[in-house]
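>>> no FASTA, just this:
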């Protein structure tokens, strides 16, 4: 039996009630609130994991104490926290309420009377069982008798209310309605239970209007969560899903596909600042997609719309995300997206770019309109690491005639930083506007695998500190002191920069890494050195991507970098940078080289 795309989605939603599934793409989060908020049942990411770090101090009784306490009444509702407010539900044995408190002080802000108290049966307690959901400035919840309602989070003013039994033929469970709703884009989703294809329902979160319902079954005491079925997060009421259904039902599917494609202004297709729909047209034996949104090396089969040559795949990511992706055609041929004109090269080859609407495209990478610096190319001979290596030295505009001395930035993976990172453009665009004129030394890496983080890391650090720095100071007009030197790099180049800085203290004052290689087998030596050394006078920049290299249960670059940042902070260092919704490789790192340089050598502000 063939099942239509619309019913596959409906059945998938029905199947995942109360189940947990791990998915590659990020699932929806509440639109507003602090990153450590807990705005709904199972937390901000619907995974039961609190994002807050360093909460427990195990050397001081875990570091927890009671901030405030309020006596309420009977209920099974837990607490949601968003934007400085705490929400829960309770009964005073006369009425059921939803109540809001100031999270820090416990001061009651308002309470909303839901209905007369729900009387528990079979030994259960009286009162509500659902947990409120906060999305932006709206709090949603469900009374145990079936009252689904939305309130203004700030004031408690009712925005809308509907009744699952009286208006939507819902079947009330023996202990009443206990499901905690979730939000997907503009849809409020919850179990309703029913014999009229309404076991699970989606409501317009702004009006309470029923948008869709699916499945015929009773429900008990589950709450829905988001899951990925065959790699696809499901958004049954999205505009894209509706278009797919229309094509499926069209008599002339090929013409419907043509019209659909002509109606798109760009690819991938972006919807509601959250959904990205990847689309491909063509006759292929097989088509898969890979990229930053998945584990390293993973490929997921794209969905073919039956009866057409249209393939698609949907993910949900943050509105400001920027990711690399590409297709794999006929099992082994990687190709960039032929519908997308934006692509970039990197360590792993060429990829197309997904830039979500709130991603700010960096202007510092553009071809400079004004004066440009010059680049010297020369060979450097080392006694520590036998052999010659290429250097490219960026000299700021005016260097030849100024007579001035300049600070120096040393850059690992120098060849790639210039070619794929476009750092010469960045320097030309920033100097005199946001950063001081600087000399940049781009160090080529003929044997980076060994030199940066492994067998020859000590020799490389020695070469840079004891040979290369004196060589540059002697050959160019540098400010030959630590506070005028910076060392930076990406991936293993970042590791090498940190390793040399801590192994040879007093050489560099500024150090930075992007998506720094901190795999435990290599990072242990670096971390032990940092712990053993006395605190240095350092200016540190460290950034990494949410979608950096990772493999479930094995390694995660973002977690490694986050832990390294915490270690540095514990040792007393202040860190600039942090996590961004980006991926791995030069197309990501170059977007932020302006931040790195502005951290190291910001233009001095003139006194008025």
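Received it, and whenever you're ready, just let me know what you need. Keep in mind that this is a model prediction, so the values were computed, not measured.
>>> For stretch 297-311, measure first residue to last.
Criterion C-alpha to C-alpha, to the nearest Å; first-to-last residue distance in stretch 297-311 is 21 Å.
>>> Give me the distance from that stretch to the chain's centre.
Stretch 297-311 sits 25 Å away from the centroid of its parent chain (C-alpha atoms, centre = their mean, to the nearest Å).
>>> can you give me the mean pLDDT across the helix or strand containing residue 183?
Assigned by DSSP states H and E, residue 183 belongs to strand 182-184. For strand 182-184, mean pLDDT rounds to 87.
>>> May I have the strands that pair with that strand, each with its orientation?
If you go by DSSP bridges, strand 182-184 pairs up with strand 187-191 (antiparallel).
>>> and residue 601, what pLDDT?
Confidence score, pLDDT, at residue 601: 94.
>>> can you offset everything so residue one is 294?
Let's use 294 as the start, then, which means that last one is residue 894.
>>> Would you mind confirming that it makes contact with residue 779?
Yes: if you go by C-beta atoms under 8 Å, residue 894 and residue 779 touch, sitting 7.1 Å apart. Backbone N, C-alpha and C define where each C-beta goes, glycine included.
>>> Quick check: neighbours shared by the two?
By C-beta atoms under 8 Å, 6 or more residues apart in numbering, residue 894 and residue 779 have these common neighbours: 700, 702, 803.
>>> Low-confidence stretches in the protein?
Of all residues in the chain, those with pLDDT under 70 make up the ranges 294-328, 344, 346-348, 350-356, 520-530, 898-901.
>>> Let's see that with 80 instead.
294-329, 338-340, 342-357, 478, 513, 518-530, 846, 897-901 (pLDDT under 80).
>>> coming back round to it: using a markdown table, lay out the shared contacts of residue 894 and residue 779 together with distance to residue 606.
Below are these laid out as a markdown table (distance: C-beta to C-beta, whole Å):
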| residue | distance to residue 606 |
| --- | --- |
| 700 | 47 |
| 702 | 40 |
| 803 | 42 |
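>>> and which of those is nearest residue 766?
residue 700 (11.6 Å; C-beta to C-beta).
>>> What count of nearby residues applies to that closest one?
21 (other C-beta atoms under 10 Å).
>>> That one contacts residue 733, doesn't it?
No: Residue 700 sits out of contact with residue 733 when judged by C-beta under 8 Å, with a separation of 9.8 Å.
>>> Am I right that residue 882 is in a helix?
Yes: under DSSP: H, G, I helix; E, B strand; the rest coil, residue 882 falls within a helix.
>>> In contact with it: list those residues for me.
Here residue 882 is in contact with 714, 783, 807, 808 (criterion: C-beta under 8 Å, 6+ apart).
>>> where along the protein do the helices fall?
Along the chain, counting by DSSP state H, helices occupy 298-308, 532-542, 546-555, 692-695, 707-712, 716-723, 741-746, 750-755, 762-768, 785-796, 813-825, 850-863, 879-882, 886-894.
>>> Let's have those helices in CSV, adding distance to residue 423.
Formatted as CSV, the helices of the chain follow (distance: least, C-beta to C-beta, whole Å):
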stretch, distance to residue 423
helix 298-308, 19
helix 532-542, 28
helix 546-555, 40
helix 692-695, 68
helix 707-712, 53
helix 716-723, 52
helix 741-746, 51
helix 750-755, 55
helix 762-768, 64
helix 785-796, 47
helix 813-825, 43
helix 850-863, 33
helix 879-882, 41
helix 886-894, 43
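>>> can you count the residues close to residue 855?
17.
>>> just residue 858 next, same as before
By other C-beta under 10 Å, the residues close to residue 858 number 21.
>>> neighbours of the closest residue in space to residue 330 that isn't next to it in sequence, just the number please.
Among residues not flanking residue 330 along the chain, residue 375 sits closest, at 4.7 Å (C-beta to C-beta, 6 or more residues apart in numbering). Residues lying near residue 375 (other C-beta under 10 Å) number 25.
>>> beta partners for residue 375?
Going by DSSP bridges, residue 375 forms beta bridges with residue 378.
>>> I'd like the distance between it and residue 874.
20 Å (C-beta to C-beta, to the nearest Å).
>>> Residue 591 now?
Taken as C-beta to C-beta, the span from residue 591 to residue 874 is 19 Å.
>>> Could you do residue 850 as well?
According to C-beta to C-beta, residue 850 and residue 874 sit 14 Å apart.
>>> More neighbours: which of these two?
It is residue 850, of residue 850 and residue 874, that has more neighbours when counted by other C-beta under 10 Å, with 23 against 19.
>>> Figure out which of the helices of the chain is closest to residue 414.
Judging the helices of the chain by C-beta to C-beta, what sits closest to residue 414 is helix 298-308, at 26.8 Å.
>>> re earlier: thought the residue nearest to residue 330 was touching residue 431?
No: the pair residue 375 and residue 431 fails to qualify as a contact (C-beta under 8 Å) at a distance of 10.1 Å.
>>> Thanks a lot, catch you later.
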